[in-house]
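Chemist: Could you work out the structure for the sequence below:
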Amino acid sequence: MALAPALVATHGLAPGAAFRWGAGFGFAVAALGLTWFWNVFGPGSPLLWGMLGVWFGIFFAGRALLERSFTPSLAFAATALWWVAVEFFRAEGYPLRCTFLCLGHALAGGTCPLALAARAVGAYGLGTFIFIVNLGAAEACRLGWDRRRAGLAFAGTAVAALAVLSVTAMWARARAARPDGADLVRVSAVQHEPGAAHEFIALSRDGSGHSPAWILWPEIAVPHDVLADQTVRRQIETLARETKAVVGVGCQLTHPDGPPDFWNAYVLFGPDGRHLGTYTKLQPVPLMNDGVPGSEYPVFATRQGRLGVAICYDGDFSWIPRRLTANGAQVLVIPILDPAAWGERMRRQHLAASVLRAIENDRFVIRPANAPPTVIIDPTGAVTAQLEAPRPGVLSGSVSLRDSRTLYNRYGWLWPYVCQVAAVAALAWAFVRERRRAAATMPRGDA
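Modeler: I've put the predicted structure just below:
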């Protein structure tokens with residue numbers, strides 16, 4: 001509900017003043033919400049907080065223009081669309097995209113049943129409902145019973161609609177549930193900082209007691225080319241044959257242009273030791289040396305089921321897991337590299353994105369990480385198994401295969417794009433009306 005006071009405070013301001021107040025508010029939100037930026041970027045953090053704040057300023061400036069140009073009801077609807085348009089573009093639409101601080105993530109921090117509505121509308125749909133509640137609460141603080149009543153009605157309708165969607169999602173999920181154990185696949189997720197392959201191999205053998213079908217390592221577990229290094233490759237191939245499991249290895253593959261270019265990749269070896277396939281990270285982390293981006297969305301067929309891999313930052317963005325699911329992935333693997341020095345708060349916030357990807361696509365998510373939490377997430381967003389201890393270990397658990405596609409995966413993902421088109425059209429019309437109004441009130445000279 002942090003937006004409601006800001007919406008009240010900026011009501012009635014001119015667009016320029018609204019931008020300044022909004023940017024200041026956004027800077028405060030970013031600095032307080034993303035304190036761990038300092039652990040990553042140090043003295044450069046205020047600049048990044050300021051960049052995030054600018055997007056809040058852009059939103060508040062647009063909202064001021066909409067309120068000056070439309071009736072209250074139209075302004076309310078257009079403002080909600082404008083929020084989604086700005087948030088989506090900031091999070092996924094430009095080169096420095098970053099999904100942290102998206103409103104929908106607020107419902108993914110625990111087992112909130114309202115998050116299940118993401119099966120229909122996705123993370124940005126959840127954000128739409130949250131924003132409408134904030135805007136409705138802000139309207140309820142305005143003078144005049146009519147405005148207060150309308151604000152409360154908008155907020156109440158948003159909460160009711162979100163609840164209905166959530167209940168519908170739970171009902172659909174219950175109907176689609178399969179008998180326990182019917183299609184369970186045993187898995188092991190290794191938690192360890194990047195290092196030597198033999199350390200991961202030893203942990204993998206320790207965790208092979210429950211006969212996992214898949215043994216999965218974190219992102220860049222081995223920071224060199226495991227396909228070119230024949231010694232390491234033979235060791236991993238031997239592990240796969242001995243455990244009769246698919247082994248997934250995060251590594252850096254050699255790029256034809258040579259250093260410093262490389263591919264941040266996830267290499268899979270089959271139970272026979274053969275190279276099963278490679279996924280290359282599609283969305284490197286901005287401002288970091290995170291490899292040359294890939295371009296393919298491969299799905300890997302194993303004897304137990306089809307795996308889709310989205311490396312770390314890839315899983316933050318809705319389109320990558322969605323495409324993998326549409327391509328036939330029955331389980332999603334999101335290997336993570338979040339250095340321990342970045343802080344536990346960062347890792348907890350990062351986990352929310354994986355929770356939403358599980359719900360949006362009705363898929364189990366296996367999330368092997370270098371530092372806790374290493375988790376397995378079920379299609380309702382619940383964490384079914386996790387490693388909390390800040391030391392090397394192996395998480396053993398089971399996942400279930402899914403073939404269905406959610407409403408979100410088929411059509412709901414279009415919502416933020418619709419909002420962008422509609423909001424830009426509304427702002428363009430508002431701008432034209434303001435120009436006409438200004439021209440009509442401009443003093444005329446003598447003929």
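Chemist: Give me the residue ranges of the stretch 151-300 of the chain where confidence is low.
Modeler: For the stretch 151-300 of the chain, residues meeting the criterion pLDDT under 70 lie at 169-182.
Chemist: any idea where the strands of it begin and end?
Modeler: Taking DSSP state E, counting those that start in this stretch to define them, one finds strands in the stretch 151-300 of the chain at 184-191, 214-216, 246-254, 262-269, 275-280, 299-301.
Chemist: Of those strands, which is nearest residue 45?
Modeler: Smallest distance to residue 45 across the strands of the stretch 151-300 of the chain (Cβ to Cβ): 24.0 Å, for strand 262-269. Yep, even glycine has a C-beta here, placed from its N, CA and C like the rest.
Chemist: Quick check: neighbours of that closest one in the sheet, parallel or antiparallel?
Modeler: In the sheet, strand 262-269 lines up against strand 246-254 (antiparallel), strand 275-280 (antiparallel) (DSSP bridges).
Chemist: Format the CA atom coordinates belonging to the longest one as CSV.
Modeler: Pointing back at strand 246-254 there. C-alpha atoms of strand 246-254 as CSV (Å, rounded to 0.1, in the frame of the first residue of the first chain):
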residue,chain,number,x,y,z
VAL,A,246,21.0,-36.5,-16.2
VAL,A,247,23.7,-34.1,-14.9
GLY,A,248,23.2,-30.4,-15.4
VAL,A,249,26.3,-28.2,-15.2
GLY,A,250,26.5,-24.4,-15.1
CYS,A,251,29.7,-23.3,-16.8
GLN,A,252,31.4,-20.8,-19.1
LEU,A,253,31.8,-21.9,-22.7
THR,A,254,34.5,-20.6,-25.0
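Chemist: roughly how far is it from the heart of the chain?
Modeler: In this view, strand 246-254 has its centroid 23 Å away from the chain centroid, taken as Cα atoms, centre = their mean, to the nearest Å.
Chemist: and if you look at stretch 154-165?
Modeler: 23 Å.
Chemist: With respect to residue 62, which of the strands of the stretch 151-300 of the chain lies nearest?
Modeler: Of all the strands of the stretch 151-300 of the chain, it is strand 262-269 that lies closest to residue 62, at 36.4 Å by Cβ to Cβ.
Chemist: List the buried residues for that closest one?
Modeler: Of the residues in strand 262-269, 262, 263, 264, 265, 266, 267, 268, 269 count as buried by neighbour count, 16 or more other Cβ atoms under 10 Å.
Chemist: nearest to residue 194, of those residues?
Modeler: Ranked by distance to residue 194 (Cβ to Cβ), these are led by residue 264 at 11.7 Å.
Chemist: Quick check: beta-bridge partners of that closest one?
Modeler: For residue 264, the beta-bridge partners are residue 252 (DSSP bridges).
Chemist: in terms of contact, does residue 76 touch residue 142 like I think?
Modeler: No: between residue 76 and residue 142 there is no contact under Cβ atoms under 8 Å: 11.5 Å.
Chemist: Who has more neighbours out of these two?
Modeler: Legend: neighbour count by other Cβ atoms under 10 Å for residue 76 and residue 142, higher for residue 76 (20 against 15).
Chemist: Against residue 67, how distant is the more buried one?
Modeler: Distance, residue 76 to residue 67, using Cβ to Cβ, to the nearest Å: 9 Å.
Chemist: dump the residue contacts of residue 195.
Modeler: By Cβ atoms under 8 Å, 6 or more residues apart in numbering, the contact list for residue 195 reads 221, 222.
Chemist: can you give me phi and psi for it?
Modeler: phi -180, psi -150 (degrees, to the nearest 10).
Chemist: follow-up on the earlier one: would you mind finding the most buried of the strands paired with strand 262-269?
Modeler: Comparing the strands paired with strand 262-269 by mean neighbour count (mean count of other Cβ atoms under 10 Å), strand 246-254 comes out on top with a mean of 24.
Chemist: Quick check: pLDDT value at the nearest residue to residue 62 once chain neighbours are set aside.
Modeler: Distance criterion Cβ to Cβ, 6 or more residues apart in numbering; nearest residue to residue 62, sequence neighbours excluded, is residue 82 at 5.0 Å. You'll see residue 82 listed with a pLDDT of 98.
Chemist: I figured residue 82 hits residue 427, correct?
Modeler: Yes: with contact defined as Cβ under 8 Å, residue 82 reaches residue 427; the gap is 7.0 Å.
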